[in-house]
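Trainee: the following comprises the amino acid sequence and a computationally predicted model.
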Amino acid sequence: MSRTSPSETIDVRQNILETGRRVMAAKGFSAVGLNEILSTAGVPKGSFYHYFGSKDAFGVAMLEAYFEEYLAEMDLTLAQPGFTTAQRLMNYFQAWQSAQSFSDCQGKCLAVKLGAEVADLSEPMRAVLQRGTAGIVSRLAAATEAGMKDGSLVLDSDAGSTAQSLYQLWLGASVMVKIVRHTGPFESALATTRQILRLSAS
C-alpha cells in the first residue's frame, strides 16, 4: 500500500492554494467553483476535502498564505540596505503599483480583489483580512516612525494615522485602477504619498 509522503502532501496542498489564488484573483471568490480550481490544478475533489473542510476553509487558508508571503516580501523591501527609510517606503509603493496590474495580477492583488466581497460573505475570511491588513499598516507605521528618526521624511500627524491613511489611499487607488483601466490613480497616489511624507519629486 503506497503512502503519500509529507513533501507530496505539502506540494498538493500548495498547488491547490496557488491555483485558487490565481483563479480567484481574476474572477473573485463567489464566481469560482471548486471544480474549476481542481481541474486547473489537476487535483481530484477527494484531495481537496482531505486538506480543506469547505470552500470557506479553503478561502481562510488561501488568505493566510497570501498575507504570510506578502508580509515577508514587505519586510524585505522595508529593510533593503543602501536606502533611507523614505526611499524604502517609496520602493514599497512603487512595487505595489507594479504588482497591482489592472489586467492580470497573477494572484498578487488578492486582498484588493476579494476584500469587499468576502468580508460580507464569511466572518472567518473577514478576520484574516483584518489581521493581514493590520500587519501591513503596522509595518508602514514602523517605517514612517523610523523615517522621522533618520530625518528622511517629515510627518504632520502621528505615524499610526499616517500609515492608515497611506494604506487606505493605495487600496482606493487599486480599486480605481480596475475601474478606469489605466494607471492614473497610482500616479496620483504616488504624488499624494510624496506630499504626505514631505518628499521631493526627484
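Mentor: Everything's here; your move.
Trainee: list the buried ones in the helix or strand containing residue 93?
Mentor: Using DSSP states H and E, residue 93 sits within helix 85-99. Neighbour-count burial for helix 85-99, counted by 16 or more other Cβ atoms under 10 Å, picks out 85, 86, 88, 89, 90, 92, 93, 96, 97, 99. Using the backbone N, CA and C atoms, a C-beta is placed for each residue, glycine as well.
Trainee: and for stretch 140-154?
Mentor: Applying 16+ other Cβ under 10 Å to stretch 140-154 flags 140, 141, 143, 144, 145, 146, 147, 148, 152, 153 as buried.
Trainee: same check on stretch 158-169?
Mentor: For stretch 158-169, using 16+ other Cβ under 10 Å, the buried residues are 159, 162, 163, 164, 165, 166, 167, 169.
Trainee: those: which two are farthest apart?
Mentor: Greatest spatial distance in the buried residues of stretch 158-169: 159 and 169, 15.3 Å, computed using Cβ to Cβ.
Trainee: lowest-pLDDT helix or strand in this structure?
Mentor: The helix or strand of the chain with the lowest confidence, counting by mean pLDDT, DSSP states H and E, is helix 6-27 at a mean of 83.
Trainee: tell me which strands and helices that one is in contact with?
Mentor: helix 34-41, helix 45-51, helix 55-77, helix 110-121 (3 or more Cβ pairs under 8 Å, 6 or more residues apart in numbering; DSSP states H and E).
Trainee: so which bits of it are buried?
Mentor: For helix 6-27, using 16+ other Cβ under 10 Å, the buried residues are 12, 13, 16, 17, 19, 20, 21, 22, 23, 24, 25, 26.
Trainee: neighbours of the nearest residue to residue 174 once chain neighbours are set aside, how many?
Mentor: Among residues not flanking residue 174 along the chain, residue 112 sits closest, at 4.4 Å (Cβ to Cβ, 6 or more residues apart in numbering). The number of residues packed near residue 112 is 21, by other Cβ atoms under 10 Å.
Trainee: now residue 181
Mentor: By other Cβ under 10 Å, 9 other residues sit near residue 181.
Trainee: what about it, distance to residue 24?
Mentor: According to Cβ to Cβ, to the nearest Å, residue 181 and residue 24 sit 20 Å apart.
Trainee: cool, residue 42 as well?
Mentor: For residue 42, the distance to residue 24 - Cβ to Cβ - is 17 Å.
Trainee: just residue 166 next, same as before
Mentor: Residue 166 is 26 Å from residue 24, by Cβ to Cβ.
Trainee: quick one: pLDDT of the residue nearest to residue 174?
Mentor: Turning to residue 112, the model gives it a pLDDT of 83.
Trainee: quick one: contacts for it?
Mentor: By Cβ atoms under 8 Å, 6 or more residues apart in numbering, residue 112 lies in contact with 100, 105, 171, 174, 175, 178.
Trainee: list the contacts of stretch 44-58.
Mentor: Contacts for stretch 44-58 (Cβ under 8 Å, 6+ apart): 12-13, 16-17, 20, 34-35, 37-38, 61, 122, 124-125.
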